[in-house]
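J.: no sequence on this one, just coordinates:
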């Protein structure tokens, strides 16, 4: 089964480009993200780059989660309009409903704890900038696709989006333990969304392949007539 790894390719390329120190480590130290060392170089590097996904400070991190909710709501509404499969349309409806609920829970949590969320969150490092660009490119592509190819592209993006969100929330819980009551409630629903998208993606692929234009068939060649011998000549 094909899966969308676009954002993880972005993270991988960022890890290679940033290296094991230098500007990236300086950025991480400025944001208060402590180095994570296990002795496994690749695992430590993935964790460090993953931590750079996090916004700096609990209020900014909650604003980051709000942006995810808003994106999922918008894509869900688009899917209700464009998807060919009733199951994919229903999934889009669930995304709208569930992420609206999650967003309201987030706002209530912030209000109870007197956390002032920034109105507009700006990227603070290259990882966040490139992830935002990847998200915008995905939205632009979905806007111009038609069903049933839309269904497959949307579901693939949902697997990637929710993989990203799960990692973000997991790391955010480690970095901002005061947000645990909220984040612990978000993770099960994010995993459920991811698994649903993955199952639907497997079901949508045969339909998408059937919709691909078939190669033009070559016109049948007329049967060659057997040459007749000249008059008077025996066969």
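T.: Yes, it's here. Owing to the predicted nature of the structure, the values given are computational and were not obtained by experimental measurement.
J.: in stretch 172-188, what's buried?
T.: 172, 173, 175, 176, 179, 182, 183, 186 (16 or more other CB atoms under 10 Å). To be clear about C-beta, it is placed using only N, CA and C from the backbone, and glycine gets the same treatment.
J.: now, those residues that are in helices?
T.: If you go by DSSP state H, these have 172, 173, 175, 182, 183, 186 in helices.
J.: now do the buried residues in stretch 81-92.
T.: 82, 83, 84, 85, 88, 89, 91, 92.
J.: next up, the contacts around the first one.
T.: By CB atoms under 8 Å, 6 or more residues apart in numbering, the contact set of residue 82 is 142, 145, 146, 147, 150.
J.: low-confidence stretches in this protein?
T.: 1-41, 43-45, 206-235 (pLDDT under 70).
J.: mind doing that once more with 80?
T.: 1-50, 204-235 (pLDDT under 80).
J.: quick one, helices of it?
T.: Using DSSP H, helices in the chain cover 6-18, 23-30, 41-51, 58-82, 86-112, 126-144, 149-175, 180-211.
J.: okay if I get those as TSV plus distance to residue 119?
T.: Converted to TSV, these look like this (distance: least, CB to CB, whole Å):
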stretch	distance to residue 119
helix 6-18	25
helix 23-30	23
helix 41-51	24
helix 58-82	8
helix 86-112	13
helix 126-144	16
helix 149-175	20
helix 180-211	20
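J.: do you know how far residue 115 is from residue 62?
T.: Per CB to CB, to the nearest Å, residue 115 is found 7 Å from residue 62.
J.: and these two? Which one has more around it.
T.: residue 62 (26 against 18; other CB atoms under 10 Å).
J.: quick check: the more buried one touching residue 179?
T.: Yes. Counting by CB atoms under 8 Å, residue 179 is a contact partner of residue 62 at 7.2 Å.
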